[in-house]
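Colleague: Predicted structure and sequence below. I'll ask about it afterward.
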Amino acid sequence: MRIGIGYDSHRFQEGKTLVVGGVHIPYEMGLLAHSDGDVLCHAIMDAILGALGEGDIGKFFPDTDSQWKNAVSTDLLRTIVTLAGNRGFTIGWIDSIIITEQPKMAPYIEQMKDALSAVGLAREIISIKAKTNEKMGFVGRGEGMASQAVCLLLPR
Ligand code: MG
C-alpha cells in the first residue's frame, strides 16, 4: 500500500472562469494558471503521483509546453488515474480540502464528486472538505485559493 500528499494554490484573477473539482462556479474571478487553475484536481493529481513515486504534475504537464495551455484539469486527472491503474494500483481513498474565503465551496461538493467520478474516481472513494483560512494569509485576504489532498493506493 502507498500514500501520497498533494498541495496546490493559485491566485484569483478577474476575467477567468472559476473551475474547482471540475465544476464551473459562479464568481467574480477565476484562478490564474497555465491550465484552468483547478486547485482541487491539481492537489489530487499530485497526491496520486506522490503515491506512485512519479514526481508531480509539472513533470507530466509542464507549464512551458503550449500543449497544456488552458488545459481542462479533469482531462489531466483522467490521465493520472489511468497511469495509476497501468502501474498496478487501485485508488483506495482520496481525502481533500479546498481552502478559500470566497466563494463558498460546500454547495458544490456533490457536483465535484460527480465530475471526478466521470474521470474514474468513484464517489465512494473521495472525500472533499471545504474551509476558510480564518482571514489569515493570502487565502484569508482573498488573493487566492489552496487545496490539499492525500491518496491511498492499493496494489491490485
Ligand atoms: Mg496548479
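Modeller: Sure thing, it's come through. Owing to the predicted nature of the structure, the values given are computational and were not obtained by experimental measurement.

Colleague: right, and the helix or strand after the one helix or strand in the chain whose mean pLDDT sits lowest?
Modeller: Here the helix or strand of the chain ranked lowest by mean pLDDT, DSSP states H and E is helix 57-60, holding a mean of 91. The first helix or strand that comes after helix 57-60 along the chain, using DSSP states H and E, is helix 73-86.

Colleague: In the next helix or strand after that next one, which residues are buried?
Modeller: Using DSSP H and E, the next helix or strand after helix 73-86 towards the C-terminus is strand 89-99. By 16 or more other Cβ atoms under 10 Å, the buried positions in strand 89-99 come out as 89, 91, 94-99. C-beta: built from backbone N, CA, C; applies to glycine.

Colleague: go on, stretch 11-24?
Modeller: 12, 16, 18-23.

Colleague: swap in stretch 67-75?
Modeller: 68, 71, 73-74.

Colleague: List, one by one, the residues from the chain near the ion.
Modeller: Listed as neighbours of the ion in the chain under the rule Cβ under 5 Å from the ion: 8, 42.

Colleague: The same query, at a cut-off of 8 Å, please.
Modeller: Contact residues (Cβ under 8 Å from the ion) of the chain with the ion: 8-10, 33, 35, 37-39, 42-43, 57, 73.

Colleague: And the strands in the protein?
Modeller: For the chain, applying DSSP state E gives strands covering 2-14, 18-20, 23-25, 29-32, 89-99, 126-131, 144-155.

Colleague: mind putting those strands in CSV, distance to K113 included?
Modeller: As requested, those are exported to CSV (distance: least, Cβ to Cβ, whole Å):
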stretch, distance to K113
strand 2-14, 17
strand 18-20, 12
strand 23-25, 10
strand 29-32, 20
strand 89-99, 11
strand 126-131, 6
strand 144-155, 14
